[in-house]
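K.L.:
Here is a sequence with its predicted model. Questions after.
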Amino acid sequence: MYKPKRKRHFLFSIAVFVIVTIACAQIVYDQQKLSGLEDSLESLKDACAQQTIENEELQRLLSENDLDEYYEKIAREQLGYVRSDEQVFVDIGGK
């Protein structure tokens, strides 16, 4: 009668060990995933702040009815246009 109790105790110990190991592995996985999500959150916060600044600038331009300045900004930034009487210097050295 002594052997079945010992065998049950051994199986129970193995089951507990497996469950604890799986739980620890899940915790490590969740921590890594959380870290990646926190990084994504920070980049999204930065993008949101940048977009808010751009939106405020566009609101300012529209509220002042200064469409010429807006058109000039679009021509310079998106189309690469410059005025005929200005020189543009491009820094090719990098940061």
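P.N.:
That came through fine.
K.L.:
Which helix or strand lies directly C-terminal to whichever helix or strand residue 28 is part of?
P.N.:
Using DSSP states H and E, residue 28 maps to helix 2-63. Using DSSP H and E, the next helix or strand after helix 2-63 towards the C-terminus is helix 67-77.
K.L.:
follow-up on the earlier one: in terms of secondary structure, what does the helix holding residue 28 contact?
P.N.:
The contact analysis (3 or more CB pairs under 8 Å, 6 or more residues apart in numbering; DSSP states H and E) places helix 2-63 against helix 67-77. Using the backbone N, CA and C atoms, a C-beta is placed for each residue, glycine as well.
K.L.:
Compute the inter-axis angle for the helix holding residue 28 and helix 67-77.
P.N.:
130 degrees (axes from the mean of the first three to the mean of the last three CA atoms, to 10 degrees).
K.L.:
Give me the pLDDT for residue 50.
P.N.:
As predicted, residue 50 sits at a pLDDT of 95.
K.L.:
Could you measure from it over to residue 87?
P.N.:
Going from residue 50 to residue 87 by CB to CB, to the nearest Å gives 29 Å.
K.L.:
what about these two, which has more around it?
P.N.:
The neighbour comparison of residue 50 against residue 87 (other CB atoms under 10 Å) goes to residue 50, with 10 against 6.
K.L.:
show me what contacts that one?
P.N.:
Residue 50 makes no contacts at all, as judged by CB atoms under 8 Å, 6 or more residues apart in numbering.
K.L.:
So that it lines up with my notes, have the first residue be 399 from now on.
P.N.:
Shifting the count to begin at 399 puts that one at residue 448.
K.L.:
any idea how far it lies from residue 417?
P.N.:
46 Å.
K.L.:
go on, residue 411?
P.N.:
Counting by CB to CB, the gap from residue 411 to residue 417 is 11 Å.
K.L.:
Could you do residue 489 as well?
P.N.:
60 Å.
K.L.:
which residue is nearest the centroid of the chain?
P.N.:
Nearest residue to the geometric centre of the chain (CA atoms, centre = their mean): residue 438, 2.3 Å.
K.L.:
can you pull the pLDDT of that residue?
P.N.:
pLDDT recorded at residue 438 is 94.
K.L.:
what's the answer for residue 399, then?
P.N.:
Taking residue 399 on its own, its pLDDT is 46.
K.L.:
Understood, closing this out.
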